[in-house]
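S.K.: Everything below, folded, please.
(one chain, ligands or ions: 2)
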Amino acid sequence: MSANLKGLRFFIKTFGCQMNENDSEHVAGLLVEAGASKALSAEESDIILVNTCAVRKKSEEKIYSFLGRLSPLKKDGGKVIGVLGCVAQIRREELFKKRPEIDFIVGPDHYHELASLLSRKREGKLLKTSWNRAWHEIGSAQTLRESRGSAYVPIMEGCNNFCAYCVVPFGRGREKCRPMDSVREEVLDLAANGYGEIQLLGQNVNSYRDPGTGEDFAGLLRVVSRIEGIEWIRFITSHPKDLSPAIARTMSDRPNICRHLHLPLQSGSTAVLARMNRGYTREEYLEKVGLLKGLMPDIALSTDIIVGFPGETDADFEETLDILKKIEFVNMFSFRYSPRPQTAAAGIEDDIPLEVKRKRLIVLQDAQKEIQLARNRALIGKTFKVLCLGESKKGGGRYSGRNEGFQVVNFSSPRNVRDRFVDVLITGCGPYSLHGETLNGKTAA
Ligand code: 5AD
Ligand code: SF4
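M.R.: Ligands and ions are numbered 1, 2, ... in the order given. Down below sits the predicted model:
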């Protein structure tokens with residue numbers, strides 16, 4: 001049966017990472033292909049989809065409170081409410097009990113069926129969370145993208161690493177890779193449609209292998225970077241243990257691969273890293289960073305840190321602080337540890353008191369803030385190529401974009417430069433963003 005959703009309006013609320021944002025663009029594209037149209041709010045829609053994130057306890061709590069707010073809409077008029085994403089996959093039927101307003105639950109391996117599942121007349125609730133080993137191709141034509149300047153391109157999904165704290169292998173399953181030919185085709189299509197930037201996505205992009213030829217991630221990067229028209233190529237997320245010298249060399253050889261790398265450290269202590277099952281030591285991480293900086297002295301590195309993992313001592317935490325000072329990341333995302341279902345660490349006592357976790361997080365964030373402020377101040381007076389991603393919330397000729405190092409740049413421009421590259425002179429900064437103005441409103445590209 002082909003899907004028919006003519007006349008229906010849908011609204012998608014997306015939580016979580018870029019993979020979820022891209023999945024929502026896929027789902028939107030597939031629903032539009034089946035005849036539905038996108039609504040601007042949950043109130044104006046017939047189908048409400050909540051694409052969820054389970055990575056931390058707080059992420060999951062946000063989902064429940066959002067669903068709670070949808071409950072009156074459900075009572076007022078026959079709307080259908082569905083839950084997608086990692087919470088759907090992990091909690092499954094438990095969710096129906098917790099939130100009776102939910103009509104269906106669909107995990108990441110079943111999005112390609114969503115339109116036809118919604119087309120069928122159904123009694124009762126629907127649950128689709130079984131695992132599927134195959135890569136389901138959803139191409140550019142069925143993707144309703146949010147941006148006309150920067151596009152997500154998934155290359156793999158899932159994770160085989162089982163870090164002790166991490167729920168991702170249970171929300172996304174084992175690694176599966178997209179055929180390189182499909183990746184290439186999508187990037188060619190994006191280039192033909194004027195996209196300036198692509199972001200290759202996967203939970204662990206460095207372990208990519210073409211299912212047909214076995215070609216690795218460095219090989220994929222070489223193929224993609226030969227495509228004319230795409231000026232910036234980024235990829236996320238990299239695992240330090242799998243970041244090879246070949247990947248580093250390819251980054252430094254190719255001018256269209258951004259000199260920006262998100263390389264989650266998690267902890268600066270080898271003892272904690274071992275208990276987290278990260279597969280590298282403090283020294284090995286520093287060595288990889290040395291290799292990257294040796295090849296690309298101007299590379300912008302960002303990272304993720306968890307404080308308060310079970311057993312983390314003051315001395316362990318000091319080692320994390322010390323690494324921040326040594327590496328001087330451009331950006332850092334930091335979190336208090338929270339136990340997650342099904343993970344190895346859920347079986348050990350969460351023994352660091354909340355107060356200690358809070359204090360460590362503040363000390364860490366203050367240290368990083370100082371590093372970023374000093375780095376950013378040194379950039380005042382320089383000019384950066386910036387991809388404008390939209391008007392700033394304040395309006396009034398102010399725009400917001402990112403430079404090659406993925407730093408937020410807010411700037412003024414006499415004309416609308418959304419989705420275009422512009423040269424921006426940096427005139428000021430805060431710890432988390434740069435400010436500036438376009439050079440005579442001229443575009444760089
Ligand atoms: N507790 C706290 N932070 C976590 N992260 C992943 N799992 C947990 C957890 N259980 C953080 C890691 C990861 C980022 C996406 O979220 O730093 O890199
Ligand atoms: Fe959250 Fe991980 Fe799922 Fe992304 S893959 S939505 S970060 S749990």
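S.K.: Next, the residue of the stretch 201-350 of the chain found nearest ligand 2: phi, psi?
M.R.: The nearest approach of the stretch 201-350 of the chain to ligand 2 comes at residue 203, 6.2 Å away (C-beta to the nearest ligand atom). Every residue, glycine included, has its C-beta placed from N, CA and C. Note on residue 203: its backbone torsions stand at phi -70, psi -30 [degrees, to the nearest 10].
S.K.: what does residue 198 give?
M.R.: phi -130, psi 150.
S.K.: Which strands and helices lie in contact with the helix or strand hosting residue 284?
M.R.: Per DSSP states H and E: residue 284 is located in helix 282-295. Secondary-structure packing of helix 282-295 (3 or more C-beta pairs under 8 Å, 6 or more residues apart in numbering; DSSP states H and E): helix 245-253, helix 270-275, helix 314-327.
S.K.: what do you get if the cut-off is 7 Å, keeping everything else the same?
M.R.: The contact analysis (3 or more C-beta pairs under 7 Å, 6 or more residues apart in numbering; DSSP states H and E) places helix 282-295 against helix 245-253, helix 314-327.
S.K.: From the chain's centroid, how far away is that helix?
M.R.: Taking the mean of its C-alpha atoms, helix 282-295 sits 24 Å from the chain's own mean (C-alpha atoms, centre = their mean, to the nearest Å).
S.K.: what's stretch 181-193 in contact with?
M.R.: Under the contact criterion C-beta atoms under 7 Å, 6 or more residues apart in numbering, stretch 181-193 has outside partners 137, 139-140, 151, 153, 155, 198, 220, 223-224, 227-230.
S.K.: Check these against ligand 1 and report the nearest one.
M.R.: Using C-beta to the nearest ligand atom, the contacts of stretch 181-193 come closest to ligand 1 at residue 155, 18.2 Å.
S.K.: who touches that closest one in this structure?
M.R.: Neighbours of residue 155 in contact, by C-beta under 7 Å, 6+ apart: 177, 178, 183, 200, 201, 202, 205, 208, 220.
S.K.: now these: which count as buried?
M.R.: For these, a burial check counting by 16 or more other C-beta atoms under 10 Å picks out 177, 178, 183, 200, 201, 202, 205, 208, 220.
S.K.: any idea where the strands of the stretch 301-445 of the chain begin and end?
M.R.: With DSSP state E, counting those that start in this stretch as the criterion, the stretch 301-445 of the chain has strands at 331-336, 383-391, 398-403, 408-412, 421-429, 434-443.
S.K.: distance of the closest residue in space to residue 408 that isn't next to it in sequence from ligand 1?
M.R.: Leaving aside its sequence neighbours, residue 408 sits nearest to residue 433 (C-beta to C-beta, 6 or more residues apart in numbering; 4.1 Å). To ligand 1, residue 433 is 21 Å away according to C-beta to the nearest ligand atom, to the nearest Å.
S.K.: low-confidence ranges in the stretch 301-445 of the chain?
M.R.: Applying pLDDT under 70 to the stretch 301-445 of the chain flags residues 440-445.
S.K.: What parts of it come near ligand 1?
M.R.: By C-beta under 6 Å from any ligand atom, the residues of the stretch 301-445 of the chain that approach ligand 1 are 304, 306, 335, 337, 338, 340.
S.K.: Can you verify my assumption that the fourth one contacts residue 311?
M.R.: I take that to be residue 337. No. Counting by C-beta atoms under 7 Å, residue 337 stays clear of residue 311, with 10.5 Å between them.
S.K.: of these two, who's got more company?
M.R.: residue 337 (23 against 15; other C-beta atoms under 10 Å).
S.K.: contacting residues for the more buried one?
M.R.: Listed by C-beta under 7 Å, 6+ apart, the contact set of residue 337 reads 165, 306, 307, 308, 309, 357.
S.K.: Buried ones among those residues?
M.R.: For those, buried by 16+ other C-beta under 10 Å: 165, 306, 307, 308, 309, 357.
S.K.: Serialize these to JSON lines and add fields for distance to residue 109.
M.R.: Converted to JSON lines, these look like this (distance: C-beta to C-beta, whole Å):
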{"residue": "165", "distance to residue 109": "23"}
{"residue": "306", "distance to residue 109": "28"}
{"residue": "307", "distance to residue 109": "33"}
{"residue": "308", "distance to residue 109": "33"}
{"residue": "309", "distance to residue 109": "30"}
{"residue": "357", "distance to residue 109": "34"}
